[in-house]
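Visitor: fold the following, please.
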Amino acid sequence: MSFNTSLSGINAASSDLNVTANNIANVNTTGFKESRAEFADLFSYTSWGLARNAIGAGVRLTNVAQQFSQGNIEPTGRSLDMAIDGEGFFTVNKNGATLYTRAGNFQTDNQGFVVTPDGARLQVFAPRSNGEGFDVGRMGDLRLQTTDSPPRQTGLVELMATLPGNAAAPAVAPFDPADANTYNESTGGVTVYDSLGVSHVQTSYFVKTANPNEWQVYNYVDGTQVGTPTTLQFSDSGELLVPANGRIVMDPFTPATGAGVLNMTLDLTGTTQYGERFALRGVNQDGYASGKLNEISISQEGVVFARYSNGADVALGQVALTTFVNPQGLQPQGNNMWGESYASGTPRTGAPDTSDFGQIQSGALESSTVDLTEQLVNMIVAQRNFQANAQMITTQDQVTQTVINIR
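Guide: Sure, this is the predicted structure:
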């Protein structure tokens, strides 16, 4: 009996050493969670139950529990490296099976999918078709776009200017954009884009009339007039009164590039008539040419953006995080991944930085939670336990020999 008891102690100490060795081996493994060997004592039962004077029968390993504490977040500078600051697991798909990981060292495969080092694809919530938010009920593989960003046709040109309050009507008439003596001021040209991303120059010319606080604006695209002149009327305090909403709809312009008709609106909201000098205080337009992919960036909310050279940002998806009622019940799958089990409970998936889900730190990785000093101490303790149980077997052997040798 005592031999078996000591043998169980040796086996337990050996298991403890194995767990410690595995922890030490993974001290630099990204997203690794330290394990802890848990033991329970053994008693010999009879058909009549457990006697008061029963002596224990040893020890057994009951569980190797993973400790899901937060690891240190170390910056790496790689845009596809991600760390979870808080609760949750990255959700990945490997050959149709849904798995979970805390290791965010992702990369792209030959098809542009974002994957773990062993090929499991990162799952994200797909953008809604209307461009507003993400469909948290629909997950899919994250795939990076490597094509050019398509151009966007200009629809709105915003100008904010200060026209001189002491301006007089030009001495030369009629208006001629080629003759600076026929107009007071001009915007100098704003670059706009057609549906093919080809640039054009839109210019507005301001002509003071003989009437107080009244101007006319002429709009041209590539030297072609688009629409008739529009009257601007200002108040005595210099505020724009006409048009009431500050907007002028230009006539359609057909580019020679084969692009679609360019329909634009000029917004003069904020334009005033003050002082003695002309000032162009703001210029903006909502179109852009095609662009090359510059970088991939990820927000704290897990939104993956493709940023292009033309200034366009395209949301490719939002990283899907998953939590469990009992993370320690997850089934280890190797390669820094875990699988759902009955003990873990039903998975709950949601967006980062909502509810109890953690934030995403882009350009960083969560380091292993193994404390090397602590593990070395555990190794010494387990070694002592092993030696003590081995000594116990030696002692029992000596006692047995003594009994056998009694005459």
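
Visitor: and the contacts of stretch 108-126?
Guide: Stretch 108-126 is contacted by residues 80, 90-94, 98-99, 101, 103, 105-107, 134-136, 138-146, 302, 304, 316-320, 335-337, 351 when judged by CB atoms under 8 Å, 6 or more residues apart in numbering. Every C-beta, even on glycine, is put in place using the N, C-alpha and C of the backbone.

Visitor: among these, which ones are buried?
Guide: 80, 90-94, 98-99, 101, 103, 105-106, 134, 139, 141-143, 302, 304, 316-320, 336-337, 351 (16 or more other CB atoms under 10 Å).

Visitor: among the contacts of stretch 108-126, which lie within helices?
Guide: Among the contacts of stretch 108-126, DSSP state H puts none in helices.

Visitor: which stretches of this structure have low pLDDT?
Guide: Counting by pLDDT under 70, the chain has low-confidence residues at 1, 44-53, 407.

Visitor: hey, where'd the helices end up in it?
Guide: Using DSSP H, helices in the chain cover 2-25, 372-404.

Visitor: format these as JSON lines; extra columns: distance to V190.
Guide: What follows is those, written out as JSON lines (distance: least, CB to CB, whole Å):
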{"stretch": "helix 2-25", "distance to V190": "63"}
{"stretch": "helix 372-404", "distance to V190": "62"}
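
Visitor: tell me the most buried of those?
Guide: Sort these by mean neighbour count, taking mean count of other CB atoms under 10 Å, and helix 2-25 sits at the top with a mean of 18.

Visitor: show me what it is packed up against.
Guide: strand 35-43, strand 56-66, helix 372-404 (3 or more CB pairs under 8 Å, 6 or more residues apart in numbering; DSSP states H and E).

Visitor: quick one: closest of the ones you listed to S355.
Guide: With CB to CB as the measure, strand 56-66 is the member of the helices and strands packed on helix 2-25 nearest S355 (23.1 Å).

Visitor: pairing partners for that closest one, with directions?
Guide: Strand 56-66 pairs in its sheet with strand 35-43 (antiparallel), by DSSP bridges.

Visitor: circling back to that earlier point, dump the helices and strands packed on helix 2-25 to JSON lines, plus distance to Q361.
Guide: What follows is these, written out as JSON lines (distance: least, CB to CB, whole Å):
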{"stretch": "strand 35-43", "distance to Q361": "25"}
{"stretch": "strand 56-66", "distance to Q361": "22"}
{"stretch": "helix 372-404", "distance to Q361": "24"}
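
Visitor: among those, which is nearest P127?
Guide: For P127, the closest of the helices and strands packed on helix 2-25 is strand 56-66, at 34.4 Å, according to CB to CB.

Visitor: ok now the closest one, how far from the chain's centre?
Guide: Distance of strand 56-66 from its chain centroid, counting by CA atoms, centre = their mean, to the nearest Å, is 42 Å.

Visitor: okay, angle between it and helix 2-25 too, please.
Guide: On the basis of axes from the mean of the first three to the mean of the last three CA atoms, to 10 degrees, strand 56-66 is oriented at 10 degrees to helix 2-25.

Visitor: and for strand 56-66, what's in contact with it?
Guide: Contacts of strand 56-66 (CB under 8 Å, 6+ apart): 1, 4-9, 11-12, 15, 19, 33-44, 327-328, 330, 332.

Visitor: and for the residue lying closest to P150 once chain neighbours are set aside, the neighbour number?
Guide: Nearest residue to P150, sequence neighbours excluded (CB to CB, 6 or more residues apart in numbering): S290, at 6.2 Å. S290 sits with 18 neighbouring residues when counted by other CB atoms under 10 Å.

Visitor: any idea how far stretch 315-328 is from the chain center?
Guide: So, by CA atoms, centre = their mean, the centroid of stretch 315-328 is 12 Å from its chain's centroid.

Visitor: against G363, how distant is the closest residue in space to S368 that isn't next to it in sequence?
Guide: Excluding its sequence neighbours, the residue lying closest to S368 (CB to CB, 6+ apart) is F32, at 4.1 Å. If you measure F32 against G363 using CB to CB, to the nearest Å, the figure is 20 Å.

Visitor: what about those two, which has more around it?
Guide: Neighbours were counted for F32 and for G363 using other CB under 10 Å; F32 has more, 22 against 15.

Visitor: any idea how far that one is from S2?
Guide: To S2, F32 is 39 Å away according to CB to CB.

Visitor: over to N95?
Guide: Going from N95 to S2 by CB to CB gives 51 Å.

Visitor: what's the answer for P332, then?
Guide: 35 Å.

Visitor: and L156, by the same measure?
Guide: Distance of L156 to S2, given as CB to CB: 90 Å.

Visitor: H200 too?
Guide: 96 Å.

Visitor: next: S149.
Guide: S149 is 77 Å from S2, where distance means CB to CB.

Visitor: residues contacting A168?
Guide: Under the criterion of CB under 8 Å, 6+ apart, the neighbours of A168 are K208.

Visitor: could you redo the last one with a cut-off of 6 Å?
Guide: Contacts for A168 (CB atoms under 6 Å, 6 or more residues apart in numbering) come out as none.

Visitor: and for N378?
Guide: T20.

Visitor: make it 8 Å
Guide: Contacts of N378 (CB under 8 Å, 6+ apart): 16, 20.

Visitor: could you count how many residues lie near S341?
Guide: By the criterion of other CB under 10 Å, S341 has 12 neighbours.

Visitor: that one contacts Q328, correct?
Guide: No - contact criterion CB atoms under 8 Å: S341 and Q328 do not qualify, at 10.3 Å.

Visitor: can you list the domains in this structure?
Guide: For the chain, automatic domain parsing gives the domain ranges 2-69+372-404, 74-147+292-366, 156-285.

Visitor: any idea how far P174 is from N211?
Guide: Taken as CB to CB, the span from P174 to N211 is 17 Å.

Visitor: also G189?
Guide: 28 Å.

Visitor: between the two, which one's more packed in?
Guide: Each of G189 and N211 has its neighbours counted (other CB under 10 Å); G189 has more, 14 against 10.

Visitor: I84 reaches D353, doesn't it?
Guide: No - at 10.5 Å, I84 does not count as touching D353 under the criterion of CB under 8 Å.
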